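In: A structural model of the following input is requested.
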Amino acid sequence: ASTRSASVSPLLIGRLGWQTAFWINIPVAIAAFVMAAVWIPRDTDRVRGRSPRELVSRLDLAGIAGFGGALTALLVFLSSLPGPEWPALGVSVLIAAVLVAWELRAANPFLNVRLLASNLALTRTYLRNGLTLLGTYVILYGLTQWLEASRGLTAYQSGLALIPMGVLSAVSARVVSRRSRVRAPLVVSALLLLVGAVATLFLDGGTPVAVVVVITAVFGLTSGAGTVANQTVLYQEAPADSVGTASGLLRTFGYIGSIASAAITGTAFHTHVDDTGLRHISWALVGIAVVVLVMTVLDRQLAHADRRPAP
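Out: A predicted model of the protein is given here:
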């Protein structure tokens, strides 16, 4: 969904202004609320009768605040690159350490550190998903800037160039979601990520736009297949009583990938957007893709997951 929405945003901005990227969320949110109210069965009311103190304890507000503070400080540090704000990184590490200590004692931890340490298959799923989306977001953000600054395309034209990426992401997600096996889609997704990363090494100011569109389409296939397969692994590996929290963490790792991608593109294009900066981004992509491929191929738990009944 993120890939598809990011592909459409330049079209809206090009036609209706940058504010559209935010206003579009209002009707989407209203539609989501309506569909949830109409189609999702009602839950048994287990909240009524509980004290505010008990509700606060179950929500782990301190854990939520600590997690948000650590990420905010990390974002400040990453946004400062290549002139790093080291105090921001120190604050992020300090808050993260306090957060871990708190979550190890919390009755209902927001970030279940014990689960991450004990269930390595689930932790690898988070990392694999975050790195895959990191590679996808680098293309969405970095290549879009390069098309506009280096190739002279407008925001609207850049959006049109990314449409095939969003379409193929939806198609590949649909295909993978109809199958219970996860290892093959994840291996293919990692291979496509590597192929796309290597292909970007050969892009320059003279590359036809059609070739750029084909390369971005490869990343669309990667995003769709990888996201759905990783979600399936999560449902298989997460304890039944914490599937909701585990699913939220999967998305959180995706957002961390988005943050890191902004840092990579910001560092590569720090002074101006050109082919040299794109080449730096491409090498970063190659490194990310190699890590994802090695993690996936060597993960024996994925083969075991394929032999289990579908969740």
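In: Where does pLDDT dip in the protein?
Out: 1-18, 21, 43-52, 55-57, 305-311 (pLDDT under 70).
In: Need the nearest residue in space to the residue most central in space within it, chain neighbours excluded.
Out: Centroid-nearest residue in the chain, with C-alpha atoms, centre = their mean: Gly254, separated by 2.5 Å. Closest residue to Gly254 apart from its sequence neighbours, by C-beta to C-beta, 6 or more residues apart in numbering: Leu133 at 4.5 Å. (Each C-beta comes from the backbone N, C-alpha and C, glycine too.)
In: distance of that neighbour from Leu192?
Out: Applying C-beta to C-beta, to the nearest Å, the value for Leu133 to Leu192 is 14 Å.
In: between these two, which one's more packed in?
Out: Leu133 (27 against 24; other C-beta atoms under 10 Å).
In: got the contact list for that one?
Out: 2, 223, 226-227, 253-254, 257-258 (C-beta atoms under 8 Å, 6 or more residues apart in numbering).
In: Quick check: next helix or strand after the host helix or strand of it?
Out: If you go by DSSP states H and E, Leu133 is part of helix 120-138. Once helix 120-138 ends, the next helix or strand along the chain (criterion: DSSP H and E) is helix 144-149.
In: what does that following helix contact?
Out: 10, 153-155, 157-158, 161-162, 203, 209, 212, 265, 269, 272-274, 277-278.
In: Next up, the contacts around the nearest residue to Leu203 once chain neighbours are set aside.
Out: Spatially, and ignoring its direct neighbours in sequence, Leu203 is nearest to Leu278 (6.1 Å; C-beta to C-beta, 6+ apart). Listed by C-beta under 8 Å, 6+ apart, the contact partners of Leu278 are 142-143, 146, 150, 200, 203-204, 268.
In: could I get the helix or strand hosting Leu278 in PDB with only the CA atoms?
Out: Counting by DSSP H and E, the element that carries Leu278 is helix 275-297. Extracted as PDB, the C-alpha positions of helix 275-297 are listed here (Å, rounded to 0.1, in the frame of the first residue of the first chain):
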ATOM      1  CA  ASP A 275      24.500  11.000 -11.300                       C
ATOM      2  CA  THR A 276      27.200  10.700  -8.700                       C
ATOM      3  CA  GLY A 277      24.800  10.900  -5.900                       C
ATOM      4  CA  LEU A 278      22.600   8.300  -7.600                       C
ATOM      5  CA  ARG A 279      25.600   6.000  -7.900                       C
ATOM      6  CA  HIS A 280      26.200   6.300  -4.200                       C
ATOM      7  CA  ILE A 281      22.500   5.400  -3.600                       C
ATOM      8  CA  SER A 282      22.900   2.400  -5.900                       C
ATOM      9  CA  TRP A 283      25.800   1.000  -4.000                       C
ATOM     10  CA  ALA A 284      23.900   1.400  -0.800                       C
ATOM     11  CA  LEU A 285      21.000  -0.500  -2.400                       C
ATOM     12  CA  VAL A 286      23.400  -3.300  -3.500                       C
ATOM     13  CA  GLY A 287      24.600  -3.700   0.100                       C
ATOM     14  CA  ILE A 288      21.000  -3.800   1.400                       C
ATOM     15  CA  ALA A 289      20.000  -6.300  -1.200                       C
ATOM     16  CA  VAL A 290      22.900  -8.600  -0.400                       C
ATOM     17  CA  VAL A 291      22.100  -8.600   3.300                       C
ATOM     18  CA  VAL A 292      18.400  -9.400   2.600                       C
ATOM     19  CA  LEU A 293      19.300 -12.200   0.200                       C
ATOM     20  CA  VAL A 294      21.800 -13.800   2.600                       C
ATOM     21  CA  MET A 295      19.300 -13.500   5.500                       C
ATOM     22  CA  THR A 296      16.600 -15.200   3.400                       C
ATOM     23  CA  VAL A 297      18.600 -18.000   1.900                       C
END
